[in-house]
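Novice: Next come a sequence and a model predicted from it.
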Amino acid sequence: MPLSKPPSLQHPINAAIASAPFHSSSNPPVLRAPEPHPCPLPLPSSFEPELCSTIAMAGWGGFVEKAKPYVAMISLQFGYAGMNVLTKVSLNQGMSHYVLVVYRHAFATICIAPFALILERKVRPKMTWSIFLQIFVLAMLGPVIDQNFYYAGLKFTGPTFACAMSNILPAMTFVMAVIFRMEKLDMRKVRCQAKVAGTAVTVAGAMLMTLYKGPLMELAWTRHASPAHGEAPAAAAAAISGRDWFLGSVFVIIATLAWAALFILQTHTIRQYSAHLSLTMLVCFVGTLQAIVVTFVMERRLSVWTIGFDMNLLAAAYAGIVTSSIAYYVQGLVIQKTGPVFASAFSPLMMIIVAVMGSFILSEKIYLGGVLGAVLIVAGLYSVLWGKHKETREKETDAKMALPMAASASSKQDGVGAGDDAEGDMGNGVMRSSSGVRGAPAAGAGAGAV
């Protein structure tokens with residue numbers, strides 16, 4: 001929406017020009033400020049300082065209000081980065097990623113349950129077999145498939161690589177939305193061309209990261225650092241073999257596809273079960289039960305369940321409480337205020353934070369193929385986000401244009417004449433059309449959200 005000029009720059013200047021007297025050509029015109037309008041009421045002597053203080057506080061409050069979404073999303077990226085690094089440390093110490101998924105979502109369920117049970121006790125929809133089946137599939141896609149494959153890919157590669165690869169999520173969600181006819185594709189429009197081109201560039205970046213490893217890249221602050229755990233430099237450089245690199249890439253791609261499928265199904269489920277906190281709690285709880293079954297099948301040793309007050313417990317608690325509970329709530333507030341495109345635009349920041357933290361804490365090795373692929377993925381990501389932003393703006397413009405047309409049609413249908421009655425009925429027509437139009441874009445935005 002284009003920004004209009006502030007009122008303070010429109011009316012005072014025009015008034016000054018209009019009130020300026022005309023002079024002959026020998027004397028230049030003089031602009032005079034308009035006379036201040038006298039105030040009929042006497043003002044106390046302390047009014048001016050109080051007014052200045054009030055204006056200053058209002059300006060500061062507006063700045064803080066506008067800065068809140070940015071501070072929240074930047075803080076979330078640090079939280080996500082910490083989860084990736086802590087999880088990598090825990091996996092390196094031998095913790096099973098199957099057990100980590102169980103403990104993570106158990107912590108998440110315990111953290112979300114009190115808020116869901118109390119805050120949504122009066123608005124929680126009735127549970128049906130259809131909704132329960134959808135929750136079961138959501139739990140299978142999220143906690144079980146996505147988390148296990150992501151942790152496996154993280155173990156085989158590294159936190160920076162996994163974070164970079166996971167940026168293909170918006171493109172994969174767009175592809176699935178087109179396949180399931182939840183997203184309309186009109187190649188005559190620039191926004192659709194941007195989303196298709198961004199998706200192609202993103203896929204190319206993912207393929208480059210998967211198939212090309214490249215030489216080791218030495219960072220300035222890690223060039224003279226000693227390898228972790230007393231490894232020889234050659235062994236540390238070859239810590240990620242070609243086979244592990246390929247398997248890790250495939251695992252992260254599978255995890256991202258599962259997460260995109262979860263978004264598609266969640267869009268349908270949330271229309272029938274609109275209690276967001278309760279839905280998240282149920283998905284985490286059912287996912288915990290499913291993850292327990294998967295762990296018993298994949299891990300035959302009971303010793304894998306043993307956990308103490310160590311890094312393994314910290315990684316599970318941090319991932320469950322911070323990234324699966326607090327981050328969900330905060331990101332939901334940001335998306336509600338600014339939209340999903342704004343929230344998604346900060347995801348490359350997490351990759352940068354993880355790269356710096358991983359190089360310091362884990363002595364992580366970064367390869368040329370990963371860097372080149374990450375650059376392509378980020379470029380494709382922002383192309384998809386730009387196309388989605390243009391689509392959202394077009395929907396908002398169409399909705400605003402539909403309001404006067406609907407109001408005019410309503411007034412003609414009711415046979416309204418001129419005068420006060422016409423104005424009243426026109427207002428009613430606008431209210432009716434407004435309530436009708438706002439529902440349609442909301443559903444469309446939810447279905448096509450990337």
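Specialist: Thanks, I have the structure now.

Novice: Going by C-alpha atoms from here, please, whenever you check contacts or count neighbours.
Specialist: OK.

Novice: Now do the same contact list for the residue nearest the centre of the chain.
Specialist: For the chain, the residue nearest the mean C-alpha position is residue 343 (3.1 Å; C-alpha atoms, centre = their mean). The contact partners of residue 343, by C-alpha atoms under 8 Å, 6 or more residues apart in numbering, come to 73, 331, 334, 335.

Novice: quick one, helices of the stretch 351-450 of the chain?
Specialist: Assigned by DSSP state H, counting those that start in this stretch, the helices in the stretch 351-450 of the chain fall at 368-413, 420-447.

Novice: Report the residue spans of the stretch 51-200 of the chain with pLDDT below the cut-off.
Specialist: Applying pLDDT under 70 to the stretch 51-200 of the chain flags the ranges 51-59.

Novice: Okay, residue 338 and residue 382: tell me how far apart.
Specialist: Between residue 338 and residue 382 the computed distance is 17 Å (C-alpha to C-alpha, to the nearest Å).

Novice: higher neighbour count, the two?
Specialist: Ranked by neighbour count (other C-alpha atoms under 10 Å), residue 338 and residue 382 place residue 382 first, with 21 against 12.

Novice: Check the contact between the more buried one and residue 345; I expect there is one.
Specialist: Yes: using C-alpha atoms under 8 Å, residue 382 makes contact with residue 345 at a distance of 7.1 Å.

Novice: how many neighbours does residue 79 have?
Specialist: Using other C-alpha under 10 Å: residue 79 sits among 18 other residues.

Novice: what element comes up after the host helix or strand of it heading to the C-terminus?
Specialist: According to DSSP states H and E, residue 79 maps onto helix 47-92. Later in the chain than helix 47-92, the nearest helix or strand by DSSP H and E is helix 97-119.

Novice: That following helix - contacts with which helices or strands?
Specialist: Helix 97-119 is packed against helix 147-156, helix 276-298, helix 311-318, with contacts defined by 3 or more C-alpha pairs under 8 Å, 6 or more residues apart in numbering; DSSP states H and E.

Novice: Now do the longest one and helix 147-156, the angle between them.
Specialist: Here helix 276-298 runs at 60 degrees with respect to helix 147-156, directions being taken by axes from the mean of the first three to the mean of the last three C-alpha atoms, to 10 degrees.

Novice: Tell me which residues touch the residue nearest to residue 314 when sequence neighbours are not counted, please.
Specialist: Leaving aside its sequence neighbours, residue 314 sits nearest to residue 86 (C-alpha to C-alpha, 6 or more residues apart in numbering; 7.9 Å). For residue 86, the contacting residues are 311, 314, 315, by C-alpha under 8 Å, 6+ apart.

Novice: ok, back up a step: which one, of the helices and strands packed on helix 97-119, ends up nearest to residue 263?
Specialist: Of all those, it is helix 276-298 that lies closest to residue 263, at 12.7 Å by C-alpha to C-alpha.

Novice: tell me which residues in the closest one are buried?
Specialist: Residues 277-292, 294-295 are the ones in helix 276-298 that count as buried (16 or more other C-alpha atoms under 10 Å).

Novice: I'd like the average pLDDT over that helix.
Specialist: Taken as a whole, helix 276-298 has a mean pLDDT of 94.

Novice: in the stretch 251-400 of the chain, which segments are predicted with low confidence?
Specialist: Residue ranges of the stretch 251-400 of the chain with pLDDT under 70: 341.

Novice: again, only using 80
Specialist: 328, 332, 335-336, 338-345, 398, 400 (pLDDT under 80).

Novice: Run a quick neighbour tally on residue 329.
Specialist: Residue 329 - counted by other C-alpha under 10 Å - has 15 other residues nearby.

Novice: following the helix or strand harbouring residue 332, which helix or strand comes up?
Specialist: Assessed by DSSP H and E, residue 332 sits inside helix 327-338. Per DSSP H and E, the first helix or strand lying C-terminal to helix 327-338 is helix 340-344.

Novice: Let me see the domain layout of this structure.
Specialist: Split into domains by automatic domain parsing, the chain comes to 72-221+232-387, 397-447.

Novice: Need the distance between the two termini of stretch 298-307.
Specialist: Start-to-end, stretch 298-307 (C-alpha to C-alpha) is 18 Å.

Novice: So which bits of it are buried?
Specialist: Result for stretch 298-307 [16+ other C-alpha under 10 Å]: buried residues 304, 305.

Novice: who touches stretch 165-176?
Specialist: Residues outside stretch 165-176 that contact it (C-alpha under 8 Å, 6+ apart): 183, 195, 198-199, 202-203, 206, 209, 249, 252-253, 256-257, 259-261, 263-264, 347-348, 374, 377-378, 381, 384-385, 448, 450.

Novice: Now list the buried members of those residues.
Specialist: Buried among those by 16+ other C-alpha under 10 Å: 183, 195, 198-199, 202-203, 206, 209, 249, 252-253, 256-257, 259-261, 263-264, 347-348, 374, 377-378, 381, 384-385, 448, 450.

Novice: And the host helix or strand of residue 176, what's buried?
Specialist: Secondary-structure assignment from DSSP H and E places residue 176 in helix 169-179. By 16+ other C-alpha under 10 Å, the buried positions in helix 169-179 come out as 169, 170, 171, 172, 173, 174, 175, 176, 177.

Novice: Could you do stretch 199-216 as well?
Specialist: Quick answer for stretch 199-216 (16+ other C-alpha under 10 Å): 199-210, 212-213.

Novice: Tell me, how many residues neighbour the closest residue to residue 108 other than its chain neighbours?
Specialist: Using C-alpha to C-alpha, 6+ apart and skipping residues adjacent in sequence, the residue nearest residue 108 is residue 320, 4.4 Å away. Residue 320 has 28 neighbours, counted by other C-alpha under 10 Å.
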